[in-house]
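Enquirer: Build me a model from this:
(chains A and B)
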Amino acid sequence: MKSILFRNLKSIPPTVAVALPSLLMHHHHSLQSNTLLNEFTSSCYRRDLPAAMRALTSMQNHRIWADSVTYSELIKCCLACGAIQEAKLVHKHIFSDGYQPKTFLINTLMNMYVKFNLLNEARELFDQMPDRNVVSWTTMIAAFSNARLDHEAMEFLTLMLRNGVHPNMFTYSSVLQACNGLPSLRQIHCGITKTGLDSDVFVRSALIDNYSKWGELPNALTVFNEMETSDLIVWNSVIGAFAQNTDGDEALNLFKRMKRCGFMADQATLTSVLRACTGLALLELGRQIHVHLLKYNRDLILSNALLDMYCKCGSLEDARFEFSRIVDKDVISWSTMIIGLAQNGFSHEALEMFQKMESSGTKPNYITVVGVLFACSHAGLVDKGRSYFESMEKNFGIKPGREHYGCMVDLLGRAGKLDEAIELIKRMEPEPDAVTWRTLLGACRIHRNMDLAAYAAKRVLDLDPDDAGTYILLSNIYANSHRWEDAAQVRKTMRGNNVRKEPGCSWIEVNKQIHAFILRDNSHPEIDKIVRQLNKYVERLKEVGYVPDSNFVLQDVEGEQMEDPLLYHSEKLAIVYGLMALTKGKNIRIRKNLRICGDCHLFAKLLAKMENRHVVIRDQIRYHHFEGGVCSCGDYW
DNA sequence: ATAGGGTTAG
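Expert: Have a look, this model is predicted:
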């Protein structure tokens, strides 16, 4: 009996232990406390919270304390039941009458408050505790960084170091989430390297993820490559880093490497791989992943990524089917479908989809509304768009942001209301950025308003001095009005800023192989045959009214095409190759790195009709489905 | 007792 008693009372501090002999003298008393403690302990382990709380109250009356381990069990009970009131009673009991809980137990209490989202209570405990160890500090850092109070989390790290407590891998992986800038990230990385914690998989994935967040992919890759210690999550971090930063090629390379290393992809891996396919418009590879997916239980994130892949690879039939298969559609499923429909030229269907979404009870978010306005702008629904825009705050509780204004500029601009568009830019609350001005510039191109185009182009270049296309456009505008000096000045500034226009490039997937056509690059093995065929097509199209468009004033030209009428844009070559290499019923799908030019657009429309084929081109901005002599973009792009 | 990865945007 004695041994049991002492085991249960072992954490009683000396001041209380003095009273112990008197307790032992009264036989029934000690028996009763023993019974109480047993009852308490077993209730905790049985997760019987009410019984445990009854026992706790009796213990309170008899001034009995259990050990830290049992209290931790009780805290687990409270957490499991979501019982905040009870948790506070436990806290009170543990701190009553001079009982000095150990650091371990206070940490557990703090952690409990954190899990209940009661940061103030946790912090109060932290402030009052006498001995803070690594876990105490790390608990606070993790709590504040999870609450997105990055600054506070970083402060805790500073204080911790100043107090001479050494961070461990838990600390670093937590604090990395709160890193608020590249300098502090580099500093923390240094600290990690010094302590040798850079081999810990948690720390490594957090580092990779953070470098990725700041777009520092070379650093992310270095962290990944310099250590052998990797698990699936580290692989997922690095694959995700490239997939999210529009470097799908590298993401796919890493994915291959991962499989060679014997790792099994999970849902997160495949989500990133699908995103890489989406970025590269690799429909066939995306389909292969889809087949592979059939062996998995698909969760919502993965389903959404698959849906988006089909949308962005221009296969709306597949997208619609996958969308219908998602049982618990969330706001992202709906938004993806709405945006996918709108981008592919099915604006009315996109707006119907939005109504279905509203009646399904799913609340739209910021991005959904961008999609809705985008759909209105592509369908030329000025009034409808305006009404959504003006009522979005009232109806959906979403304050119009830069992107919403951008859609409205697009909507008004496309509809020819350029004055109204510029008025909107002037009075918009978020500062217009380069994208806003580029949108206005796009509208000026459609409506051939040179003066406003020049103004918009200058604003774009103020905000984005690396935008090669806009320099060329502005210089062409000046040249057109014989302002040769201004034109030369623009080209000079462009060279001075070391900005170079990347050459036009188009990709087409044939038999699981990617064929790339680059302007001025004749390395494709069948280039001669393709050019001969292209010449034939041009001649035949001229007979049905095709006039090659040489008005490049409001277009940014890929190269010096005027000098050389035989120098074809890359998408023309890709289309012709597609016609040659893909059997009749197959759609011709092309991805292009720049915006399609007016001449190629007309060429594609006429050729698709003449050959009775469906041609899909995804350019830098949007999708063009050419069929029967028309394009899904309605000639607005 | 404390920690890491994946989905929608002009």
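
Enquirer: Tell me if stretch A:393-405 is near DNA strand B.
Expert: Yes: using CB under 7 Å from any atom of the strand, stretch A:393-405 reaches DNA strand B at A:G401, A:R402, A:E403. Just so you know, the C-beta spots here come from the backbone N, C-alpha and C atoms, and that holds for glycine as well.

Enquirer: Kindly export that stretch (C-alpha atoms) in CSV.
Expert: The C-alpha coordinates for stretch A:393-405 follow below in CSV (Å, rounded to 0.1, in the frame of the first residue of the first chain):
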residue,chain,number,x,y,z
GLU,A,393,-19.6,43.3,-51.5
LYS,A,394,-23.2,43.4,-50.5
ASN,A,395,-24.1,40.0,-51.8
PHE,A,396,-21.0,38.0,-51.2
GLY,A,397,-19.2,40.0,-48.6
ILE,A,398,-16.2,40.4,-50.9
LYS,A,399,-14.5,43.7,-51.3
PRO,A,400,-13.5,44.3,-54.9
GLY,A,401,-9.8,43.8,-55.3
ARG,A,402,-7.3,44.6,-58.0
GLU,A,403,-8.2,41.5,-60.0
HIS,A,404,-11.9,42.4,-59.9
TYR,A,405,-11.1,45.9,-61.2
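
Enquirer: and that stretch, how far from the chain's centre?
Expert: Taking the mean of its C-alpha atoms, stretch A:393-405 sits 20 Å from the chain's own mean (CA atoms, centre = their mean, to the nearest Å).

Enquirer: what does it contact?
Expert: A:363-366, A:369-370, A:373, A:389, A:392, A:424-425, A:428-433, A:435-436 (CB atoms under 8 Å, 6 or more residues apart in numbering).

Enquirer: Mind listing what's buried along it?
Expert: For stretch A:393-405, burial by neighbour count (16 or more other CB atoms under 10 Å) applies to A:F396, A:I398, A:P400, A:R402, A:E403, A:H404, A:Y405.

Enquirer: Which members of those residues are the farthest-apart pair?
Expert: Using CB to CB, the pair of the buried residues of stretch A:393-405 lying farthest apart is A:F396 and A:R402, separated by 17.0 Å.

Enquirer: related to what we said a few turns ago, secondary structure and distance to A:T70 for the residues of stretch A:393-405 next to DNA strand B - can I get that in TSV?
Expert: Below are the residues of stretch A:393-405 next to DNA strand B laid out as TSV (DSSP: H, G, I helix; E, B strand; the rest coil; distance: CB to CB, whole Å):
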residue	secondary structure	distance to A:T70
A:G401	coil	52
A:R402	helix	56
A:E403	helix	55
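
Enquirer: I'd assumed A:G504 was in contact with A:R591.
Expert: No: contact criterion CB atoms under 8 Å: A:R591 and A:G504 do not qualify, at 11.9 Å.

Enquirer: Mind checking which of the two has more residues around it?
Expert: When A:R591 and A:G504 are compared on other CB atoms under 10 Å, the one with more neighbours turns out to be A:R591, at 26 against 22.

Enquirer: Not counting sequence-adjacent ones, nearest residue to the residue nearest the centre of chain A?
Expert: Nearest to the mean C-alpha position of chain A, by CA atoms, centre = their mean, lies A:Q244 at 6.4 Å. Spatial nearest neighbour of A:Q244, chain neighbours left out: A:S212 (6.5 Å); criterion: CB to CB, 6 or more residues apart in numbering.

Enquirer: In contact with that neighbour, which residues are there?
Expert: For A:S212, the contact set (CB under 8 Å, 6+ apart) comprises A:A220, A:S237, A:G240, A:A241, A:Q244, A:N245.

Enquirer: same thing but 10 Å
Expert: A:N219, A:A220, A:L221, A:S237, A:V238, A:G240, A:A241, A:F242, A:A243, A:Q244, A:N245 (CB atoms under 10 Å, 6 or more residues apart in numbering).

Enquirer: Tell me the one among those nearest to A:K115.
Expert: Closest to A:K115, out of all of the contacts of A:S212 and judged by CB to CB, is A:S237, at 25.2 Å.

Enquirer: Touching, that closest one and A:S205? I think so.
Expert: Yes: using CB atoms under 10 Å, A:S237 is in contact with A:S205, at 4.2 Å.

Enquirer: Overlap of the contact sets of the two?
Expert: Residues touching both A:S237 and A:S205 (CB under 10 Å, 6+ apart): A:V223, A:F224, A:S230.

Enquirer: give me the subset of those touching DNA strand B.
Expert: Okay, of the shared contacts of A:S237 and A:S205, nothing touches DNA strand B (CB under 7 Å from any atom of the strand).
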